[in-house]
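> With the sequence up front, the predicted model follows.
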Amino acid sequence: MSHPRVFPLTLLAMLAFAGNSILCRLALRATPIDAATFTSIRIVSGAIMLGLITQIKGGGLKAGGSWLSALALFIYAAGFSFAYIQLSAGTGALLLFGAVQVTMMGYGFWTGERLKKQQISGFILALVGLVIFLLPGLSAPPLLSSGLMMAAGVAWGIYSLRGKTASNPMGMTAGNFLRAVPFTVGLSLSMVSDATLTITGCLYAVAAGAVTSGLGYTIWYTALKDLTATSAATVQLSVPVIAAAGGMLFLGEHLTLRLFVASCTILGGIALAILEKPQTEAT
């Protein structure tokens with residue numbers, strides 16, 4: 001982190017990522033808004049914000065993005081919203097970012113990265129923590145919601161991997177959000193009979209789309225210029241902790257023993273795996 005502004009930018013980005021979890025959970029818990037409508041407003045608001053930013057910066061919105069990446073973005077956003085109907089902010093963020101890191105690490109292994117003993121140990125430790133977290137019990141999260149959130153994490157991991165080599169990340173993200181609009185509008189139309197609009201719920205969705213997603217991703221891409229890949233992956237492990245704290249502060253959620261133990265195990269395992277730079281086989 002050589003640039004003096006990278007730390008505050010990174011901190012703001014992590015707060016924005018955690019804010020997505022808190023705003024979604026707050027909207028679905030405190031207002032009657034449905035998950036499909038929340039997702040649509042979030043995607044549309046993000047597309048508008050990112051489109052405006054891209055045009056102001058002189059980027060190419062029309063040339064950016066792809067339909068496959070937009071589909072991954074939509075699957076992430078929809079799974080995220082529907083999962084948070086039942087999950088707490090901290091639980092959802094833990095499952096989401098755990099799945100993101102496992103997806104990205106798995107892709108690296110599949111493409112030929114040779115894992116060291118520390119990385120293998122970390123990966124196994126993270127899987128053990130996930131199993132402990134999802135085992136049936138009084139404080140275990142609902143299985144369907146957990147599956148939806150992990151699917152959202154896999155989709156976000158794929159989306160992130162597809163954007164790693166983008167020459168114009170802002171234009172790419174803006175284009176992907178714009179392309180995701182038809183998917184999310186189709187979702188809302190298919191569930192129009194269950195649609196519920198409230199001013200407060202819509203405001204939470206707009207904030208999640210335009211601020212914690214649109215501006216948050218803009219800040220994150222700016223910070224990424226001065227972060228190594230390992231540092232970028234490591235700092236994201238702070239999001240579940242921030243989200244859990246926000247859930248307790250703003251939503252009155254409680255920190256269960258299962259969540260605490262699982263958080264330490266999963267995040268500790270992922271940290272072990274990514275703090276050691278993988279070696280790529282010689283060709």
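Everything's here; your move. Predicted model only: the values in this text are computed from it and were never measured.

> And Ala72, what's its pLDDT?
Note on Ala72: pLDDT of 95.

> element containing it, please.
Using DSSP states H and E, Ala72 sits within helix 67-83.

> Quick check: buried residues in that helix?
Buried positions in helix 67-83, judged by neighbour count with 16 or more other C-beta atoms under 10 Å: 69-83. Backbone N, C-alpha and C define where each C-beta goes, glycine included.

> Looking at those, spot the one nearest Gly122.
Distance ranking of the buried residues of helix 67-83 against Gly122, using C-beta to C-beta, places Tyr76 first at 24.2 Å.

> could you say what helices and strands the next helix or strand after the helix holding Ala72 packs with?
As assigned by DSSP H and E, the chain's next helix or strand after helix 67-83 is helix 89-110. Counting by 3 or more C-beta pairs under 8 Å, 6 or more residues apart in numbering; DSSP states H and E, the packing neighbours recorded for helix 89-110 are helix 6-30, helix 67-83, helix 117-134, helix 143-162, helix 239-250, helix 257-275.

> Can you dump the C-alpha atoms of helix 89-110 in PDB for me?
Coordinates of the C-alpha atoms in helix 89-110 are reproduced here as PDB (Å, rounded to 0.1, in the frame of the first residue of the first chain):
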ATOM      1  CA  ALA A  89     -26.200  -9.600   8.000                       C
ATOM      2  CA  GLY A  90     -23.000 -11.300   9.500                       C
ATOM      3  CA  THR A  91     -24.100 -14.800   8.500                       C
ATOM      4  CA  GLY A  92     -24.800 -13.800   5.000                       C
ATOM      5  CA  ALA A  93     -21.600 -11.900   4.500                       C
ATOM      6  CA  LEU A  94     -19.600 -14.900   6.000                       C
ATOM      7  CA  LEU A  95     -21.200 -17.300   3.500                       C
ATOM      8  CA  LEU A  96     -20.900 -14.900   0.600                       C
ATOM      9  CA  PHE A  97     -17.200 -14.000   1.000                       C
ATOM     10  CA  GLY A  98     -16.300 -17.600   2.000                       C
ATOM     11  CA  ALA A  99     -17.800 -18.800  -1.300                       C
ATOM     12  CA  VAL A 100     -16.100 -16.000  -3.200                       C
ATOM     13  CA  GLN A 101     -12.600 -16.900  -1.900                       C
ATOM     14  CA  VAL A 102     -13.100 -20.700  -2.400                       C
ATOM     15  CA  THR A 103     -14.300 -20.100  -6.000                       C
ATOM     16  CA  MET A 104     -11.300 -17.900  -6.800                       C
ATOM     17  CA  MET A 105      -8.900 -20.300  -5.100                       C
ATOM     18  CA  GLY A 106     -10.500 -23.300  -6.900                       C
ATOM     19  CA  TYR A 107     -10.100 -21.600 -10.200                       C
ATOM     20  CA  GLY A 108      -6.400 -20.900  -9.600                       C
ATOM     21  CA  PHE A 109      -5.900 -24.600  -8.700                       C
ATOM     22  CA  TRP A 110      -7.800 -25.700 -11.800                       C
END
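
> tell me which residues in that helix are buried?
Buried-residue list, helix 89-110, by 16+ other C-beta under 10 Å: 89-105, 108.

> What of stretch 183-195?
For stretch 183-195, a neighbour-count test (16+ other C-beta under 10 Å) marks Phe183, Thr184, Leu187, Ser188 as buried.

> now those residues as JSON lines including pLDDT?
Formatted as JSON lines, those follow (pLDDT from 0 to 100):
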{"residue": "Phe183", "pLDDT": "97"}
{"residue": "Thr184", "pLDDT": "96"}
{"residue": "Leu187", "pLDDT": "96"}
{"residue": "Ser188", "pLDDT": "95"}
